[in-house]
Each structure stands twice: as C-alpha cells, then as structure tokens.
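Colleague: Next come a sequence and a model predicted from it.
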Amino acid sequence: MKLLKHPGLSGCRVLKYFLFVVVMCPVITVALAQSETSALREEISNLEQAHANAILKGDAAALDTLMDDNVTVNHPTNRIINEKKDLLDLIRQGIIRYTSFERYPEKFLFFDNMVIVMGNETVVPAMGAPNEGKTLIRRYTNIWMKKDGKWRLTVRHANNVCSTQ
C-alpha cells in the first residue's frame, strides 16, 4: 500500500493541524453551548419578568398566553391550584392582586425543553387581598417547559418567608 503525500505538508505539519483541530473542537463546542444557554437564559428572564408584570397588572389575558393549560401552582395561600382557569379566576376576583411585585431570579437550571428558575420575590398585596398592605418576601421556583415551540410556565411554587422577628 502506497501512502499519498501532499507536497507542501510534512508529517510534523499534519500532526500540528491535527492537534489544533482536536484541541479547538471542544473549545468551539463549549463556546457555542454557552452562547445558546446565554440566549435561552435571556429569553426565560424576559418571560419571568413578563409573568411578574402580568400578575402585578392583573392581566389575565397575558397570563393565559404565558402559562401552560395544565399549569400547577403551589400558591402562598396554602393551596395547590392545578388548573389555569382556577388561577385566572383568582386573578379576576382580586384574591391575587398586588400594589408591588418585584422578582429576583437567582438560579437557572437548563434541561432539554425545560428551564427551572429559583429566586425570591417581594410583594405587597393590594387592599382586599390576603395580607393586604404587608410587604412579603417569598421564595419561588418556576418551571418553564417548551411545548409546541413555545415556552410556557408549567409549574410554580411560591412560599412566604417567615419573619425572624
């Protein structure tokens, strides 16, 4: 068997090119994955903020588009709400209503077609809502799932942090 040689490439040069490719492929792959994760993090951050804004405004129509039809919420009112209709009814009835709502995402976990966001929220329930006028700090976990090409809030857990005073 006869080996073909390229007239301009010595064995040493071929080895250098090979090593360069072997080293750079993982670097490029990691850089592309980080870029995709960064873009996804920004997209989910925007959805998180849109969700918080919709709750603050009592915008049931916006919430309807942000949440999955089978959304399940472990709500700070000590209820598990497992139908979007029930949650939207609580918004429309003013049971879930705030004069202030600030969300601070702290941790993003990325999986295939799922992103989990954990953080804290500071809310002030409006007049007539449970805990009206009190500033409440709470921890939350939101699970966003991609279904039919769109990210939807599918699971949410929020609980009020007990005061240490």
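Modeller: Noted; the coordinates are in hand. Treat the numbers as computed from the prediction; the structure is a model and nothing was measured.

Colleague: Point out where the protein drops to low pLDDT.
Modeller: Within the chain, the stretches with pLDDT under 70 are 1-36, 163-165.

Colleague: That one: helices as residue ranges?
Modeller: 11-57, 60-66, 84-92 (DSSP state H).

Colleague: shouldn't Asn159 be in contact with Arg138?
Modeller: Yes: here Asn159 reaches Arg138: they are 5.8 Å apart, a contact under CB atoms under 8 Å. Every C-beta, even on glycine, is put in place using the N, C-alpha and C of the backbone.

Colleague: which neighbours do the two share?
Modeller: Common neighbours of Asn159 and Arg138, using CB atoms under 8 Å, 6 or more residues apart in numbering, are Pro76.

Colleague: so how far is the longest strand along the chain off the chain centroid?
Modeller: Criterion DSSP state E: the longest strand present in the chain is strand 98-111. Relative to the centre of its chain, strand 98-111 is centred 8 Å away, using CA atoms, centre = their mean, to the nearest Å.

Colleague: ditto for stretch 119-128
Modeller: 20 Å.

Colleague: got the buried residues for stretch 43-54?
Modeller: Ile44, Leu47, Glu48, Ala50, His51, Ala52, Ala54 (16 or more other CB atoms under 10 Å).
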